[in-house]
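*Asks:* Here's my sequence, what's the structure:
(chains A, B and C)
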Amino acid sequence: MERAVVCAGFGGQGVLLAGKILARAGMDAGLDVTWLPSYGPEMRGGTANCTVVLSDEPIGSPIGENPDVLLAMNGPSLDRFESRVAEGGAIVVNRSLIARDLTRKDVCGIFIAANDVARELGEPRVANMIALGAVVRALGILPLETVKKAMTVELGAKGRERLIALNQEALERGYAAAPPC
Amino acid sequence: MAERQLMTGNEAMAEAAIRAGLRAYFGYPITPQNEVLEYMAAHLPQAGGAFLQAESEVAAINMCYGAAAAGVRAMTSSSSPGVSLKMEGISYLAGADLPCVILNAARGGPGLGNIAPAQGDYFQATKGGGHGDYRLIVLAPSTGQEAAELAGLAFDLSDRYRVPALILADGMLGQMMEPVTLPPPRDPGTLPPKPWALTGAKGREPNLIASFALEPTVLREINVKRYARYREIEAREVRWEEVATEDAEVLLIAYGTMGRIAKTVVRRGRERGVKVGLLRPITLWPFPYAPIRTLAERVKAILTVELSAGQMWEDVRLAVEGRTATPFYGELGGVVPTPSDILQEVLRYA
Amino acid sequence: MPEAETMVKVFARPTSLNEKHFTYCPGCDHGLITRLVAGAIDKLGVQERTVFIAPVGCAVFAYEWFRCDGIQASHGRAAAVATGLKRANPDLVVISYQGDGDLAAIGTAETIHAANRGEAITVIFVNNQIYGMTGGQMAPTTLPGQRATSCPEGRDVATMGHPLPVAEMIATLAAPAYVTRQSLHDPRHVAQAAKAIEKALRYQVEGKGYSLVEILATCPTGWRMPPAVAHQHVADVVTGAFPLGDLVDRG
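*Replies:* Numbering: from 1, shown residues only, chains lettered A, B, ... in the order given. Just a heads-up that it's a prediction; the model follows:
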């Protein structure tokens, strides 16, 4: 079993952190994982992405040329990565920022208005966790509880109790909103 | 069992170096190795070592020269353009028989190039780079775990043979996060003594560290002695990994980041019934000439894959000496090929 | 023999120098400076803690003459090598001995940054305004109008720049404990230079930090002057361009 996930969005949307949490959860679940960042001068305001590979065997290529799940937090990310998603894979589309539908018919589209849900929760910054919840559901190999614990570790000292509770709720909302493909 | 930690390759190498008894680190910022410098700044002083951000890569390598002469485990890190600047100092380390570890998180070149992963520094690392007749022990990790292990090994080999060791990594390995099980910390007090070190001439004759001998016959003698150590390293320290080579018809040769990507190529190729195998050099110097030569007797082709225009390829051809076909596939400028790209190439020779 | 019993040895080879002969040209001040450094090591009793760093230049063999641990630095990098030694082992007494090409041309960056960090080292800067070892080329400290093999018509400051005032530059920094310029052109100045070198070394031993002793030295061969004339030239001309005295003393 080997799965690749690409998390992509604007710099500042927290896609690298979402990927790290996913990688840590995979490690905690006993898998081999790689987290490969890809960002250039566009760290502020441009696109950022990372690739997470999870496997029950040692991972060769960390590139994930045909990801099983794509998280597209903004339009440019969907444009750039949609064609690369594996057949039968899933794309989590942030409906708050992406109006268009998928061009692919052989993948499962999961539409979730991450920014709007985050605002409902009173914290716009947790949009990435809402989206990550949906990714975890689509991926289907990691228990949500493991991801929640990994999130707590990754937030580290910054993770004040209120923030952790909020992020946990965000993960749950995203997970619940994503229909199984 | 030691805990698995999620860390970047750069952090893994830095922490492993500290655990190997590193006591002096000197560096200068350059992407994509800044995490090493920053990790050392945060952690080495706590471990009782000296950390200093130098005014240049040139100064940093010469600080290493001083610290290594004082007898402590010394290290610097940089990325391609910065490693070029260190080359003079590396030649002096080699000429003075000083152990030292140099980490190159290589990037696209030549010149300023870019910050993407590349393997264009193979010649520089293995064939000289600096002036004069010398060798470096060159280790090429392909995963975070291996990076941590080779960081420790680099210090041991460098100390044992009094030859500087270079870890040739790349930006991808350096910035990628993976689970790493770190080796236990070692007490520098338990490391083998260095009677040649400059510790003050108390109760002994003065020790001198130099790479200078005006008299040709004297310099020849020094170099001949050093080359005897090089021959010993070639005999004892060649390291490599083979994957599915028993019945391979097409043999891939790749190191570092390309080495791990090639493992995926082997797996996918085998799934499709292609008899493809991999030989992954772990030491680039000494280079695994002998095992490649052995495999060259029975495979249809040896495909060298690099993030360069074909540098290690020259060593592969030296090993093969015409025994089989030796095609090459490379990417330039920091572009990393996918397993599919490479598998396409393998199929041409299967 | 009553006469013999009354004889007192008033001058001897410093114990931290060994028996090897210097390789300097006749009349060159390097030999004298080497002796003064050795005398300071003796006086402070730090021979068994000292590491002597030789530069690239006429003093390239200088580590050969001391009964101390020694190391050869690449051209210009002695201050960085000193930094590495001292940071790795703060108990060492580290002396960096450098000429003007080494310290003030190719090694300017290392010189300034080691001084600015206040590295606890002693730098002996031999300023003879010429590249001696390579055959008399222009140095960063060559005086305006002074001829050298690479400025046969004399140094033209319009195209070749002015003599670099190293001691003054270092003295602008906040960290150095002691910065001074000395000369050797007569016995009084030799005695003063000896005191300055000793103070610079003592400051290191006492943990006060970085010292630089710039010494105006002669190069009779490169200058094409007999030694006595060369010393007179220092007194009459060179000290005018490079004023003597302490610039910083934070002891």
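*Asks:* what's the first-to-last distance across stretch C:46-57?
*Replies:* 26 Å (CA to CA, to the nearest Å).
*Asks:* how far out from the middle of the chain is it?
*Replies:* The chain centre lies 12 Å from the centre of stretch C:46-57; the measure is CA atoms, centre = their mean, to the nearest Å.
*Asks:* what mean pLDDT would you report for that stretch?
*Replies:* Stretch C:46-57 shows a mean pLDDT of 97 in the predicted model.
*Asks:* With stretch B:13-23 instead?
*Replies:* Averaged across stretch B:13-23, pLDDT comes to 98.
*Asks:* and it, anywhere near chain C?
*Replies:* Yes - using CB under 8 Å from any CB of the partner chain, stretch B:13-23 reaches chain C at B:R23. (Each C-beta comes from the backbone N, C-alpha and C, glycine too.)
*Asks:* what's in contact with that stretch?
*Replies:* B:7, B:25, B:35-36, B:39-40, B:43-44, B:47-50, B:67, B:72-75, B:77, B:101, B:103, B:141, B:147-149, B:151-152, B:155-156, B:167, B:169, B:174, B:182-188, B:191, C:88 (CB atoms under 8 Å, 6 or more residues apart in numbering or on different chains).
*Asks:* Could you export that stretch as PDB, CA atoms only?
*Replies:* Extracted C-alpha coordinates of stretch B:13-23, given in PDB (Å, rounded to 0.1, in the frame of the first residue of the first chain):
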ATOM      1  CA  MET B  13      22.500  15.200   9.600                       C
ATOM      2  CA  ALA B  14      23.000  18.100  12.000                       C
ATOM      3  CA  GLU B  15      21.700  16.100  15.000                       C
ATOM      4  CA  ALA B  16      23.500  13.000  14.000                       C
ATOM      5  CA  ALA B  17      26.800  15.000  13.800                       C
ATOM      6  CA  ILE B  18      26.200  16.400  17.200                       C
ATOM      7  CA  ARG B  19      25.600  12.900  18.500                       C
ATOM      8  CA  ALA B  20      28.700  11.700  16.800                       C
ATOM      9  CA  GLY B  21      30.700  14.100  19.000                       C
ATOM     10  CA  LEU B  22      30.900  17.200  16.900                       C
ATOM     11  CA  ARG B  23      32.400  20.000  18.900                       C
END
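*Asks:* which phi and psi does B:P216 have?
*Replies:* Note on B:P216: its backbone torsions stand at phi -50, psi -40 [degrees, to the nearest 10].
*Asks:* distance of the residue lying closest to C:P90 once chain neighbours are set aside from chain A?
*Replies:* Distances taken as CB to CB, 6 or more residues apart in numbering or on different chains place C:A120 nearest to C:P90, at 7.2 Å, with adjacent residues excluded. Noted for C:A120: a distance of 36 Å to chain A, by CB to the nearest CB, to the nearest Å.
*Asks:* Buried subset of the contacts of stretch B:13-23, written for ChimeraX?
*Replies:* Buried subset of these, written as a ChimeraX selection, criterion 16 or more other CB atoms under 10 Å in any protein chain shown:
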select /B:7,25,35,36,39,40,43,44,47,49,50,67,72,73,74,75,77,101,103,141,147,148,149,151,152,155,156,167,169,174,182,183,186,188,191 /C:88
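*Asks:* Could you count how many residues lie near the residue of chain A found nearest chain B?
*Replies:* In chain A, the residue that lies nearest chain B is A:G60 (3.2 Å; CB to the nearest CB). By the measure other CB atoms under 10 Å in any protein chain shown, the count of residues near A:G60 is 25.
*Asks:* Before we go further, it is sitting in a strand, right?
*Replies:* No - assigned with DSSP: H, G, I helix; E, B strand; the rest coil, A:G60 falls outside any strand and is coil.
*Asks:* What residues does it make contact with?
*Replies:* Counting by CB under 8 Å, 6+ apart, A:G60 makes contact with B:260-267, B:339.
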